[in-house]
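the following comprises the amino acid sequence and a computationally predicted model.
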Amino acid sequence: MYKSVVRDGKFLVLVADGVFDKQLMELPTEELADKVAYELQSAWEHGIAWGVHQKRKEPNGSEEDEDISEVIQKLRTMSPAEQEAYHQRVSRRNERIQRIEEARRWRNVLSWKSK
């Protein structure tokens, strides 16, 4: 996990694994250190999500494949208005999830600020 901290008046970005923490860089402003740590953490999480997505793409006949097939069948039987409503619900849900993940990422990145 990437963290932004202030130590001895220096604005640092650290990588921490729960046991050790290692300084990656010192930056000229606190805001820049916060933003760099946030972007590094975002890239890490996107990489994990990408790996999970790639793993799911492998054909294995799992329950997820069946679930996806069911959703596709339901969408095909919906009217255009029902499809639009469904897509709006999914979009709103995804936006909420994205906002929550972003807030959680900021909270994690800044969690060591009080230390």
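Everything's here; your move.

and the lowest mean pLDDT element among the helices and strands of this protein?
When the helices and strands of the chain are scored by mean pLDDT, DSSP states H and E, helix 63-77 comes last with a mean of 79.

can you give me the strands in the chain?
Under the criterion DSSP state E, the chain contains strands at 2-7, 10-16, 21-27.

just name the most buried of the ones you listed.
Highest mean neighbour count of the strands of the chain: strand 2-7, a mean of 20 (counted as mean count of other C-beta atoms under 10 Å). C-betas here are computed from N, CA, C, even on glycine.

for the most centrally placed residue in the chain, which non-adjacent residue is closest in space?
A centroid search over the chain (C-alpha atoms, centre = their mean) returns residue 45, at 4.9 Å, as the residue closest to the centre. Spatial nearest neighbour of residue 45, excluding adjacent residues (C-beta to C-beta, 6 or more residues apart in numbering): residue 105 at 6.9 Å.

distance of the one you found from residue 84?
With distances taken as C-beta to C-beta, to the nearest Å, residue 105 is found 31 Å from residue 84.

repeat that for residue 71.
Plainly put, residue 71 is 16 Å away from residue 84 if you go by C-beta to C-beta.

show me what contacts the spatially closest residue to residue 10 that is not a sequence neighbour?
Distance criterion C-beta to C-beta, 6+ apart; nearest residue to residue 10, sequence neighbours excluded, is residue 26 at 5.3 Å. Residue 26 is in contact with 10-13, counting by C-beta atoms under 8 Å, 6 or more residues apart in numbering.

wait, residue 78 touches residue 86, no?
Yes. If you go by C-beta atoms under 8 Å, residue 78 and residue 86 touch, sitting 6.6 Å apart.

what comes up buried for the lengthiest helix in the chain?
Using DSSP state H to define each element, the chain has its longest helix at helix 80-109. Neighbour counts over helix 80-109 (16 or more other C-beta atoms under 10 Å) mark 105-106, 108-109 as buried.

make TSV out of those residues and add distance to residue 57.
Shown next, in TSV, are the buried residues of helix 80-109 (distance: C-beta to C-beta, whole Å):
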residue	distance to residue 57
105	25
106	30
108	28
109	30
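
would you convert the residues you listed into TSV that also reports pLDDT and distance to residue 94?
Output for these, formatted as TSV (pLDDT from 0 to 100; distance: C-beta to C-beta, whole Å):
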residue	pLDDT	distance to residue 94
105	88	16
106	89	19
108	84	21
109	84	22
